Structures are given as C-alpha cells and as structure tokens.
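Student: Following is a predicted model, sequence given first.
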Amino acid sequence: MFRNPLLLTALALTALVAAWGVLDTEGLATFAQAQVAQQFTSRAWFVMLLASLIVVTVIWLAISPYGKVRLGKDDARPEFSTVSWLTMLFAAGMGVGLLFYGAAEPLTHYELIQRFVEPGVAAGHALAVTNFNWAIHAWSIYALTALVIAYFAYRKGRPGLISTPIRYTFRRGGWVKVVAWIADLLAIYAIAIGLAGSLAIGIFQVQGGLQNLFGLEGTGAALQYGVFAVLCAAFLLPLTVDLSKGMARLSSVAMVVAVALMVYILLVGPTHFLMNGIVDAMGQYLSSLAKQSFSTYPFLGKEFEQWFHDWTLNYMVWWIAWAPFVGVFVARISKGRTIREFVLGVVFVPSLFSLFWFGVFGGIGFFGVLNTELPILEVATKTPEDTTFRVLDALPLSALTSAAAIAAAFLFLVTSVVSAAFVLSMFSTGGDENPSVKIKLIWGVILAALGLAMMLTGDVATVRAIIALGAMAFVFILPLLVIALLKTLKKEERP
Amino acid sequence: MSWENLVDTLLNVVVFAFIAVLIWLYLRDEEGT
C-alpha cells in the first residue's frame, strides 16, 4: 500500500480537503463558492458545449457502423438478459438525488420563471428545464464514460481504469504516463467529492423527513449528527465483509420502494393531471432540446445567468463527477452488448424514467401550487429538503409514505457509499477487482469525513459548489477519453 | 484591464489551448496502433 504513489496522493488530497472542511468549514465554503463562480463565469460555454457534443457523439456512435462493435470479443454475448440489464440500469440511475429534487427542483425553477410568464406556462417550462437537467445529457455523459471503460476493458482486455484509454491510444511522448496518472487521480478525487456531496444532501433529506414525520423541529444539528453516526455505522460494517450480493439486494429494495412511491402518487394523486403533465413536459423537452443544449443565457441579465450556473451548469459538472463511478458499474453489467444496444439502453431507458419521475413528483407539486393554498412553493425555495415530505403530506397515508421515502433515501446512501468505497479502492490500486478490506475501510472513513465536512456547511448550494469544484478538473479528462475511443475505434475492422 | 478580466482571459486561453491539443491528438499518427 505504501508503495503506491497514486493511492497515497489520492488519500492525502481527499483527507486534506476533509480536514479543511471539518476544521474551517466556512473557509472551504467561501473558497469553493468564489472559485466556482469564477470558473463557471469563464468556462460555462465550454462545459455546455462539451456536454452537448457528448450527446451528439453518443447518438452518432449508435447509428454509425461502429454501433455494431461489441463491448467484448466478437463472439461475446451479454451476461444478463435484456430485462434484468434494463432493471439494473434503472437502479444505477436511481439515487438520493431523485428523492431530494423530485418535487423541489421543478418548483424552484417555477419560482423564477413565473415572474416573467403566466403561472401555467411557467410550470411547463420549469418541468422541461428539470427534464433537461436530468435526462439525455446526464445519461449520455454516463454512457460515454461507461462505453470507454467497457470498450478498453472487455474488447481490448486492459484494466478498467480511467487512464487505460490514454495509455492504450496515445503511445508517443513522455507526457502520456503523466497525464494518465493525473487522469486516475482526478477521477478518484471527483468521485470522492461527488459522493460525499450526495452523502451530505442525503443526510439533509433524511433529517428533513424525520423532523417532518416526528415533529422534531429545533433538533437540527443533533439530529444531523445522529443520522450521520447511524449512516457511518451502516456503511463501515459492510466494508469489512464481502456483502456485494447483500448490497445489490438492498439497492433493489430501495429502488422498489422509490418506484412504489412514484406509482402511489400517480394513482392516488390527480392521475390525469400528472399524466397530462408528463406528456406535455416530454413534448416541451423534445422540442426545446437542441436550443437548450446550447443555451448559456448571456443576454438575460445576472439573475438568469446565476440561475443557469446554479442549476443546469452545476448538473452537467455533477454528472461528469459521477461518470467514472456510474461508468464502472454500467460497463460491468453491459459486457457483451453492441455499442448500439448499449446506447439505446443506457441513454434512453433511464432518461424516460427521469421524465416520469419528475413528471409525477414535480406534477404533484404544481398541482398543490396551482390548485391549493398549501405553502409548497415557499418550502421548496427555503427548505428544499422538506419538499418531498410536504408533498406526501397532502396525500393519504402520509406517515407511511414519508417513512418509506426516508428508508429509501437511507438505503440509497448506504449502498452508494459501499460501492463508491469499492470503486475508489479499485481505481487507486491499478484496477484490482478484489481490493483489501483495509483499503476499502480507509476510503470509507475518508468518504465519511468528507461527507461530514459537507454536512457542516449546512446548505445544499454550498455542497453543490464544493462538488463542482471537485469535478471541474475532470471536465478536461473526459474529452481526452472520447478522443482516445474515437481514434481506437477507427482502427476497428468495419464490422 | 481589470484583474478579473485578466483571470477570465487566462482561464479561457487554457481552454482554447486544450481544444487545440485535442484536435492535434486526434489527427496525429500513433505508431504501433
């Protein structure tokens, strides 16, 4: 372990950020916000262009002759049936973020847009923007990263690392080794910071839910530490034994609970209103997709620019931060598929699910805002972590559904930290698929410390700024991987 | 030129250079591949 400079550097770097955040939370928060503001102002155009070009590349790969190339040897066949593969993709796309933002995000956009247009029109726009942030762009970024990992690992037989495409493709120049090493380091850093951020957001969500369910107002900090402690115990223990099957089962339970919640709201809530909203938002999303893919809002004033930075741009960077993590999982389950099958499954199925999810949770939020006197809009803008529970409160059996939402959020958190500790250990040990318990535990502790640092900032916007800062450097690695893939694909014999 | 403008220019110049490097990498010949 002590002879692995990548592992030591990654541990030192992440531990340093964790220590900074715990000892001087305000200092880290101020630094992250200032840096992100500067980087986003200067590089918004580049991030947006990159994200949209990734969408174009992924779709082009599927329809080009390369679509027939298999992610494995030519005679390889998929390990999982198409149905279980699609179910697993569903699970990969689910996470605590959906539970947190399902109702809160469309309402937050609505709050701004309704100042300029009629409320009914604003609701449609708000839902379309949310769909834009969560659907095809997010999944194209994941898909391309997973595609790169799977192609070089299963077709070329190289280690499933972020640096592999760089080492394999670019063979001349002393810079290759250095850049490859930095690519692995930045991927590890982005995953650790991104995951810790989700951990903090999840803790806010569980805390909000518990406060709402048991009327624990005024117990903010104590409750937060309590949730954090239980969470740490729940994920550190499974790291000491091999519970990969158990974790997969827990993740499925969380997914089933979340999907059941969505179906419950759809059926018990105003079903026709929600279905109309879903279809309407799909149309708005598809018709504005090209325009919005390149929108950077330079002419609408500071307020819109800030809103664009805080949401769409932040998400694009966030997806990039998560891409190596989700990519490893998606690559593993997609071994043996052709690029065309892969893109159709990975990009379009989870995207469709996102459209449904936000249509239901966002739709029920809008139903409350447009047709009732409930203060849902105020809750969404002031305490977004409470929004999902306030929406559930408006429906029957709210104690049960709120408890289910809290349980799902908690299970998503535990399973993602356990998987992240595994991926981080794998990446930092040169692709070892059975990393030692010691290394997994060290990563578990670092993720907990980083999560604590982010939790102490006490506010989701700051957490998102820290995530964006963590992933900003990796934004420059992703295009290198794409170039490596395209260049190597060119050498493939036309299938 | 204000300080902010200088930083902004430098950050963007890095991106321009990066894009140029990407194009060069895509076009150059790799021996042995």
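Tutor: Looks like it came in fine.

Student: Any idea which residue of chain B lies closest to chain A?
Tutor: Chain A sits closest to B:L11 of chain B, with a gap of 4.0 Å, by CB to the nearest CB. For every residue, glycine as well, the C-beta is placed using N, CA and C.

Student: Show the backbone phi and psi for that residue.
Tutor: The phi/psi pair for B:L11 (degrees, to the nearest 10) reads phi -60, psi -40.

Student: right, and it touches A:Q39 too?
Tutor: Yes: the pair B:L11 / A:Q39 is scored as a contact, 7.0 Å apart, by CB atoms under 8 Å.

Student: List the contacts of B:D8.
Tutor: B:D8 is in contact with A:Q38, A:T41, A:S42, counting by CB atoms under 8 Å, 6 or more residues apart in numbering or on different chains.

Student: Recalculate using a threshold of 6 Å.
Tutor: Going by CB atoms under 6 Å, 6 or more residues apart in numbering or on different chains, B:D8 touches A:S42.

Student: okay, stretch A:250-268 in PDB with CA atoms only?
Tutor: Coordinates of each C-alpha in stretch A:250-268 appear next as PDB, following Å, rounded to 0.1, in the frame of the first residue of the first chain:
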ATOM      1  CA  LEU A 250     -30.500  -3.500  -0.500                       C
ATOM      2  CA  SER A 251     -30.200  -1.300  -3.600                       C
ATOM      3  CA  SER A 252     -33.000  -3.200  -5.300                       C
ATOM      4  CA  VAL A 253     -35.200  -2.800  -2.200                       C
ATOM      5  CA  ALA A 254     -34.500   1.000  -2.200                       C
ATOM      6  CA  MET A 255     -35.400   1.100  -5.900                       C
ATOM      7  CA  VAL A 256     -38.600  -0.800  -5.400                       C
ATOM      8  CA  VAL A 257     -39.600   1.500  -2.600                       C
ATOM      9  CA  ALA A 258     -38.900   4.600  -4.600                       C
ATOM     10  CA  VAL A 259     -40.800   3.300  -7.700                       C
ATOM     11  CA  ALA A 260     -43.700   2.200  -5.500                       C
ATOM     12  CA  LEU A 261     -43.800   5.800  -4.100                       C
ATOM     13  CA  MET A 262     -43.900   7.200  -7.600                       C
ATOM     14  CA  VAL A 263     -46.700   4.800  -8.600                       C
ATOM     15  CA  TYR A 264     -48.600   5.500  -5.400                       C
ATOM     16  CA  ILE A 265     -48.500   9.300  -6.100                       C
ATOM     17  CA  LEU A 266     -49.500   8.700  -9.700                       C
ATOM     18  CA  LEU A 267     -52.500   6.600  -8.700                       C
ATOM     19  CA  VAL A 268     -53.700   8.200  -5.500                       C
END
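
Student: That one: which residues count as buried?
Tutor: Buried residues in stretch A:250-268, counted by 16 or more other CB atoms under 10 Å in any protein chain shown: A:250-252, A:254-255, A:257-259, A:261-262, A:264-266.

Student: contacting residues around that stretch?
Tutor: A:A91, A:M94, A:L274, A:V360, A:I364, A:L395, A:A404, A:A408, A:L411, A:F412, A:T415.

Student: Buried members of these into PyMOL, please.
Tutor: The PyMOL command for the buried members of the contacts of stretch A:250-268 (criterion: 16+ other CB under 10 Å) is given here:
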select buried, chain A and resi 91+94+274+360+364+404+408+411+412+415
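
Student: wouldn't the residue of chain B closest to chain A be in contact with A:S42 here?
Tutor: Yes: contact criterion CB atoms under 6 Å: B:L11 and A:S42 qualify, at 4.0 Å.

Student: re earlier: if you count surrounding residues, which of B:L11 and A:Q39 has more?
Tutor: Legend: neighbour count by other CB atoms under 10 Å in any protein chain shown for B:L11 and A:Q39, higher for A:Q39 (21 against 15).

Student: element containing the closest residue to chain B within the stretch 351-495 of chain A, please.
Tutor: Ranked by CB to the nearest CB, the top residue of the stretch 351-495 of chain A for proximity to chain B is A:I483, at 5.1 Å. Per DSSP states H and E: A:I483 is located in helix A:477-490.

Student: can you list contacts of that helix?
Tutor: Residues external to helix A:477-490 that are found in contact with it (CB under 6 Å, 6+ apart): A:Y66, A:V148, A:P165, A:I166, A:T169, A:A183, A:L186, A:I320, B:L22, B:L25, B:Y26.

Student: so what's the first one closest to, chain neighbours aside?
Tutor: Same thing as A:Y66. Excluding its sequence neighbours, the residue lying closest to A:Y66 (CB to CB, 6 or more residues apart in numbering or on different chains) is A:L489, at 5.3 Å.

Student: Tell me where the chain is predicted with low confidence.
Tutor: With no chain named, the answer covers chain A. Regions of chain A meeting the criterion pLDDT under 70 cover residues A:1-2, A:90-94, A:218-219, A:242-245, A:493-495.

Student: ah, no, chain B please
Tutor: In the predicted model, chain B carries pLDDT under 70 at residues B:1, B:31-33.

Student: Helices along that one, start to end?
Tutor: Using DSSP state H, the helices of chain B run over residues B:3-27.

Student: Up against chain A, what does it have?
Tutor: Counting by CB under 6 Å from any CB of the partner chain, the residues of chain B close to chain A are B:D8, B:L11, B:N12, B:V15, B:L22, B:L25, B:Y26, B:E30, B:G32.

Student: Quick one: those as CSV, columns for distance to A:A76 too.
Tutor: As requested, those are exported to CSV (distance: CB to CB, whole Å):
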residue, distance to A:A76
B:D8, 49
B:L11, 44
B:N12, 44
B:V15, 39
B:L22, 31
B:L25, 29
B:Y26, 28
B:E30, 26
B:G32, 25
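
Student: The helix holding A:I483 versus helix B:3-27: what angle between them?
Tutor: Taking axes from the mean of the first three to the mean of the last three CA atoms, to 10 degrees, one finds that helix A:477-490 is oriented at 10 degrees with respect to helix B:3-27.

Student: Pull helix A:477-490 out as PDB, backbone CA atoms only.
Tutor: Output in PDB follows, covering the C-alpha atoms of helix A:477-490 (Å, rounded to 0.1, in the frame of the first residue of the first chain):
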ATOM      1  CA  ILE A 477     -10.100  14.400 -18.800                       C
ATOM      2  CA  LEU A 478     -13.400  13.300 -20.300                       C
ATOM      3  CA  PRO A 479     -12.800  14.700 -23.800                       C
ATOM      4  CA  LEU A 480      -9.400  13.000 -23.800                       C
ATOM      5  CA  LEU A 481     -11.100   9.700 -23.200                       C
ATOM      6  CA  VAL A 482     -13.500  10.400 -26.100                       C
ATOM      7  CA  ILE A 483     -10.700  11.200 -28.500                       C
ATOM      8  CA  ALA A 484      -8.900   8.000 -27.400                       C
ATOM      9  CA  LEU A 485     -12.100   6.000 -28.000                       C
ATOM     10  CA  LEU A 486     -12.800   7.500 -31.400                       C
ATOM     11  CA  LYS A 487      -9.200   7.100 -32.500                       C
ATOM     12  CA  THR A 488      -9.100   3.400 -31.500                       C
ATOM     13  CA  LEU A 489     -12.500   2.700 -33.000                       C
ATOM     14  CA  LYS A 490     -11.200   4.000 -36.300                       C
END
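
Student: Please identify the residues of the stretch 101-250 of chain A in proximity to chain B?
Tutor: Residues of the stretch 101-250 of chain A lying close to chain B (CB under 6 Å from any CB) are A:R171.

Student: Show me the strands in the stretch 101-250 of chain A, by range?
Tutor: Secondary structure of the stretch 101-250 of chain A (DSSP state E, counting those that start in this stretch): no strands located.

Student: Report the contact partners of A:I278.
Tutor: A:I278 neighbours (CB under 6 Å, 6+ apart): A:G359.

Student: Distance of A:A405 relative to A:L231?
Tutor: 16 Å (CB to CB, to the nearest Å).
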